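# how would this look folded up:
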Amino acid sequence: MTTPSTSHPNDPLHWVLEPDVFGSGFSLADAARAAGHEVSLWDDAFWDTGRWPRPAGHAVFHGSLGNAARIARELPYRPGSFCAVDAFHCSAWYPHAEPWLLQKGSRLLTVAQAVAEAASLPDVFVRPDSPLKPFAGRVVPAGQMSLSALDFGFYYDDPALPVVLAPVRSIAREWRYVVVDREVVAGSAYESDGRRALPDDPDGRPFQFASEVARALTPPEPVYVLDMCESDGELYVLELNPFSGADLYACDPAAIVAAVAAHLATRVPPRSAP
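A predicted model of the protein is given here:
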């Protein structure tokens with residue numbers, strides 16, 4: 001049996017990073033080490049062996065969304081994983097983001113209810129309510145809503161799964177921003193197909209708009225990811241996602257590491273992780 005270590009305020013931040021999971025190749029490892037933090041690499045075998053890293057003080061995971069959610073739920077790290085799943089359901093945060101939201105006029109239904117309305121539905125964008133995304137969001141043409149159209153039986157088998165139906169909107173560009181304590185600390189433009197990413201200009205309109213939204217929006221978690229988009233020449237909030245399970249594309253790793261460390265130093269008492 002492993003004896004828990006005793007945390008100390010001066011213990012370095014420990015990053016638990018899952019390697020090779022992001023299509024963009026993003027990693028916080030080099031920036032974390034350069035800042036003097038400890039880094040351990042996550043291995044899924046830890047779930048079977050119980051031999052996950054046991055930091056003395058603060059620990060933060062960054063990697064796949066599934067592991068981020070499970071670590072938040074099962075491991076005693078503090079904070080461990082910024083992945084408060086319930087807070088990132090669309091039904092939880094859409095009301096707070098209504099002034100800036102792209103998906104205005106959306107409806108929350110179950111898969112079964114959406115299929116039952118198939119004959120009366122126009123072209124519609126459909127996505128899961130859950131941030132864990134048991135299927136990918138997609139446009140379903142008028143009259144073609146069905147279980148198979150929503151991948152039923154492949155990634156989930158519950159027809160009561162909540163989904164969001166929204167009017168179809170064209171999207172020209174997309175950006176991802178890391179928010180810490182209501183401040184945007186890093187940003188990246190990206191293409192969802194192909195994972196091509198470019199650093200975003202902090203003086204540009206999208207970065208400034210994201211900063212305004214982040215300061216005004218009720219945050220789902222102190223550290224999270226804010227996705228913005230341009231549609232018909234206007235900027236909108238597209239999505240909020242858990243930080244610990246998000247590809248951060250061309251965001252500045254050093255800025256992220258510094259901001260998360262500062263947040264933990266002032267807001268989160270350390271605790272050992274048995």
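
# now the helices for the stretch 1-150 of the chain?
Remark: helices assigned in the stretch 1-150 of the chain by DSSP state H, counting those that start in this stretch are 29-34, 46-49, 65-74, 90-97, 111-116.

# What is the burial count for residue 221?
Residues lying near residue 221 (other CB atoms under 10 Å) number 19. Heads up, the C-betas are built off the backbone N, CA and C, glycines and all.

# quick one: it and residue 82 touch, right?
Yes: at 5.4 Å, residue 221 and residue 82 qualify as touching, with contact defined as CB atoms under 8 Å.

# what residues do those two have in common as contacts?
242-243 (CB atoms under 8 Å, 6 or more residues apart in numbering).

# Might you report the residue contacts of the closest residue to residue 88 other than its chain neighbours?
Leaving aside its chain neighbours, residue 88 sits nearest to residue 131 (3.7 Å; criterion: CB to CB, 6 or more residues apart in numbering). By CB under 8 Å, 6+ apart, the contact list for residue 131 reads 65, 85, 88-89, 240-242.

# same check, this time on residue 261
For residue 261, the contacting residues are 13, 35, 37, by CB under 8 Å, 6+ apart.

# Residue 31 now?
253-254, 256-257.

# Please apply the same query to residue 228.
Taking CB under 8 Å, 6+ apart as the test, what residue 228 contacts is 174-177, 206, 209-210, 213, 235-238.

# Beta-bridge partners for it, please?
residue 175, residue 237 (DSSP bridges).

# would you turn the contacts of residue 228 into JSON lines with pLDDT?
Converted to JSON lines, these look like this (pLDDT from 0 to 100):
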{"residue": "174", "pLDDT": "95"}
{"residue": "175", "pLDDT": "96"}
{"residue": "176", "pLDDT": "97"}
{"residue": "177", "pLDDT": "98"}
{"residue": "206", "pLDDT": "96"}
{"residue": "209", "pLDDT": "97"}
{"residue": "210", "pLDDT": "98"}
{"residue": "213", "pLDDT": "98"}
{"residue": "235", "pLDDT": "98"}
{"residue": "236", "pLDDT": "98"}
{"residue": "237", "pLDDT": "98"}
{"residue": "238", "pLDDT": "97"}
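
# Specify which member of those is nearest to residue 27.
residue 176 (15.5 Å; CB to CB).

# Please look at the closest one and residue 243 and confirm they touch.
No: at 10.7 Å, residue 176 does not count as touching residue 243 under the criterion of CB under 8 Å.

# neighbour count winner among these two?
Using other CB under 10 Å as the criterion, residue 176 and residue 243 rank with residue 176 on top: 26 against 23.

# What ranges does this structure have for its strands?
Counting by DSSP state E, the chain has strands at residues 14-17, 38-41, 59-62, 79-80, 107-110, 124-128, 138-140, 162-166, 173-180, 183-190, 197-199, 223-231, 234-242.

# Since that was my last question, I'll sign off now.
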